[in-house]
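A.B. asks: Curious how this folds, go ahead:
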Amino acid sequence: MLALNLPKASFKFSNKGGKNYIFDVLRRKYVALTPEEWVRQHFTHYLLHVKGYPQGLLANEVQVSLNGTKKRCDTVLFHRDLSARMIIEYKAPYIPITQAVFDQITRYNMVLHVDYLVVSNGLSHYCCRIDYSMGTYSFLPDIPDYASLEQDDATRD
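C.D. replies: Predicted structure coming up:
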C-alpha cells in the first residue's frame, strides 16, 4: 500500500481466500484492506496515539438516515454524553479532496450537527470548525488534539 502523510503505525493483517484484511481496533474485527481502509486505519491510529482521542468515543462506519436513505459516516467522534462531536470522511489516496467530498460530509452533518468536519485522503487533511451561533465555519491549520477539544468545550459552557 501507498505511504501516507500520517505517522507510521503497526497493524494486524490477515489473508483469507487470497483477499487481504486489516484489523480495525474500533470495530474489533478484520475488514477488507482497500485503499480507503488503509487511510482510515492510519488516521484512526493518528487520532488515538498522536492526538489522544479516547478509543471509546470513536466509531467507524456510523449509520445515519438522510432523506429516507441509510448512509454511513466513515468515523465519528462522540462527546462523553454520546452526542456526535466530529465527522471524519476518508477517501483513497488517489482521490482528490474536492468540493464534492465536503458536500458529502456536510450532508451527514445535516443529521449529526457536529462542531468539526474532517476530510482526508491520507495525503491531504482538512479540518473545519463550525460556529452555529454565527452561521460560519473556519478551516483549522491542523487536526485538533483531544485535550484542545475538551478546553474548547469548557470555554463554551
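A.B. asks: check contacts around residue 70.
C.D. replies: 63, 64 (CB atoms under 8 Å, 6 or more residues apart in numbering). C-betas here are computed from N, CA, C, even on glycine.
A.B. asks: Next, give phi and psi for it.
C.D. replies: Backbone geometry at residue 70, expressed as degrees, to the nearest 10, gives phi -90, psi 130.
A.B. asks: On the pLDDT front, check it for me.
C.D. replies: At residue 70, the model reports a pLDDT of 92.
A.B. asks: What's the local residue count around the nearest residue to residue 6 once chain neighbours are set aside?
C.D. replies: Nearest-residue entry for residue 6: residue 42, 4.4 Å, with adjacent residues in sequence omitted and distances by CB to CB, 6 or more residues apart in numbering. With neighbours defined by other CB atoms under 10 Å, the count for residue 42 comes to 22.
A.B. asks: on contacts alone, who are the packing partners of the helix or strand harbouring residue 42?
C.D. replies: For residue 42, the host element (DSSP states H and E) is helix 35-49. When contacts are defined as 3 or more CB pairs under 8 Å, 6 or more residues apart in numbering; DSSP states H and E, helix 35-49 packs onto strand 19-24, strand 58-66, strand 69-78, strand 84-90.
A.B. asks: quick one, which of those is nearest to residue 11?
C.D. replies: The closest of those to residue 11 is strand 19-24. By CB to CB, the value is 5.4 Å.
A.B. asks: Return the residues in contact with the residue nearest the centre of the chain.
C.D. replies: In the chain, the residue lying closest to the centroid (CA atoms, centre = their mean) is residue 88, at 2.6 Å. Residues near residue 88 by CB under 8 Å, 6+ apart: 43, 73, 74, 75, 76, 77, 118, 119, 120.
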